[in-house]
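Turn this into a structure:
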Amino acid sequence: MALTKDDIARIANLARLELSGIESERMLSQMNNFFGIVEKMQAVDTSGVMPLSHPVAAIQEISLRLRDDVISEPNNREANQRSAPAVEKGYFLVPKVIE
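As a prediction, the model looks like this:
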């Protein structure tokens, strides 16, 4: 998958970024290099390979130290939203940015 200058311009517009011509070219090159790496990784046959719980598990046995899933902070929603310009039913209201 290769991006074009138009793709970069559209992405920059959606992200509300202003890119100069040089920045746009550099971004195009970097994004296409990234997608090239992803394509190489997708080409690797991983059938029969069990997923690891942790990268170190490939070389030694580890046991994950998981904490109990309990609420440890009080609900401060109202205090946290007090300075927000717009709130409705406990949610922040933000301007629509994606068309």
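
show me where the protein has helices.
With helices called from DSSP state H, the chain shows them at 5-14, 21-42, 77-81.

Return the distance of F92 relative to N80.
9 Å (Cβ to Cβ, to the nearest Å). To be clear about C-beta, it is placed using only N, CA and C from the backbone, and glycine gets the same treatment.

Centroid-nearest residue for this protein?
For the chain, the residue nearest the mean C-alpha position is A15 (13.4 Å; Cα atoms, centre = their mean).

any idea how far A2 is from that one?
A15 is 20 Å from A2, by Cβ to Cβ.

How about E18?
In this view, E18 and A2 are 24 Å apart by Cβ to Cβ.

quick one: contacts for M1?
M1 sits next to 35, 39 when contact means Cβ atoms under 8 Å, 6 or more residues apart in numbering.

same deal with the one 4 residues further on?
Contact partners of K5, counting by Cβ under 8 Å, 6+ apart, are 24, 28.

Kindly report the same for F34.
Here F34 is in contact with no residues (criterion: Cβ under 8 Å, 6+ apart).

Skip the chain neighbours and tell me the closest residue to M27.
In space, and not counting its chain neighbours, M27 is closest to I8: 5.4 Å by Cβ to Cβ, 6 or more residues apart in numbering.

Please tell me the pLDDT value assigned to that neighbour.
I8 is assigned 94 on the pLDDT scale.

next one: the one 4 residues further on
With respect to pLDDT, A12 has a value of 94.

swap in R67?
So R67 comes in at 87 (pLDDT).

same thing with K96?
86.

A58 too?
78.

if you skip the residues just before and after it, what's nearest to it?
L52 (5.9 Å).

Tally up the residues packed near the one you found, please.
L52 has 10 neighbouring residues, counting by other Cβ atoms under 10 Å.

returning to that earlier point: how far away is the residue nearest to the centre of the chain from I37?
From A15 to I37 the distance is 21 Å (Cβ to Cβ).

V44 too?
Applying Cβ to Cβ, the value for V44 to I37 is 12 Å.
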